[in-house]
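Participant: can't give you the sequence, but here's the structure:
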């Protein structure tokens with residue numbers, strides 16, 4: 001073989017090696033692109049599944065509320081979920097704040113002091129009304145009365161001249177325990 005032929009053969013071999021390396025590089029790049037696409041899709045799915053509740057989101061929750069002695073005062077578990085917008089002032093502050101950061105399906109137990117719940121008992125909301133204002137319908141202790149503006153109060157005492165009515169929330173002054181399950185988040 002002459003030198004020219006050898007040189008041509010060597011050039012063909014080099015070209016084949018370069019082409020082969022190029023095919024390997026393309027294959028590596030294709031695999032890298034596939035891996036990146038899979039990672040992005042997984043991240044997006046994880047982000048949607050693990051989205052956490054934030055101010056401005058509307059959420060649906062089940063809850064059970066109890067006093068520190070274990071007595072349950074309210075629950076909606078198995079019934080209609082409570083729906084509210086976080087930060088809109090639709091519920092007591094402690095409950096609102098407890099839901100922030102929760103994920104769908106998560107259950108959280110929280111203790112809410114009066115300052116973050118229904119407040120402390122306000123003595124100015126306990127009033128004495130002349131018994132004559134009730135006419136012949138004098139309420140009994142423990143009964144409920146409603147003002148002309150729709151405000152409800154609980155009768156705490158009745159004597160011959162006056163009826164004492166407490167217009168505080170029945171949950172005022174109480175530390176409340178809640179078990180909260182986040183059912184849905186709507187952004």
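Facilitator: Structure received. Predicted model only: the values in this text are computed from it and were never measured. Numbering: from 1, shown residues only.
Participant: what helix or strand is the nearest residue to residue 170 once chain neighbours are set aside on?
Facilitator: Of all residues not flanking residue 170 in the chain, residue 154 sits nearest, at 6.8 Å (Cβ to Cβ, 6 or more residues apart in numbering). All C-beta spots, glycine's among them, are computed from the backbone N, C-alpha and C. For residue 154, the host element (DSSP states H and E) is strand 152-158.
Participant: buried residues in that strand?
Facilitator: 153, 154, 155, 158 (16 or more other Cβ atoms under 10 Å).
Participant: which parts of this protein belong to which domain?
Facilitator: The chain breaks down into these domains under automatic domain parsing: 1-49, 58-118+173-186, 123-166.
Participant: any chance of the ones you listed in JSON lines, plus mean pLDDT?
Facilitator: Below are these laid out as JSON lines (pLDDT from 0 to 100):
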{"stretch": "domain 1-49", "mean pLDDT": "58"}
{"stretch": "domain 58-118+173-186", "mean pLDDT": "98"}
{"stretch": "domain 123-166", "mean pLDDT": "97"}
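Participant: tell me which of these sits most buried.
Facilitator: domain 58-118+173-186 (a mean of 15; mean count of other Cβ atoms under 10 Å).
Participant: so where do the helices sit in the protein?
Facilitator: 3-49, 93-99 (DSSP state H).
Participant: ok, residue 174 touching residue 114?
Facilitator: Yes - between residue 174 and residue 114 there is a contact under Cβ atoms under 8 Å: 6.4 Å.
Participant: about what we covered before: how close does the residue nearest to residue 170 get to residue 169?
Facilitator: 10 Å (Cβ to Cβ, to the nearest Å).
Participant: same thing with residue 163?
Facilitator: Using Cβ to Cβ, residue 163 is found at 19 Å from residue 169.
Participant: repeat that for residue 175.
Facilitator: 14 Å.
Participant: and what of residue 124?
Facilitator: For residue 124, the distance to residue 169 - Cβ to Cβ - is 14 Å.
Participant: kindly report the same for residue 96.
Facilitator: Counting by Cβ to Cβ - residue 96 and residue 169 are separated by 16 Å.
Participant: ok, residue 137 next?
Facilitator: Taken as Cβ to Cβ, the span from residue 137 to residue 169 is 24 Å.
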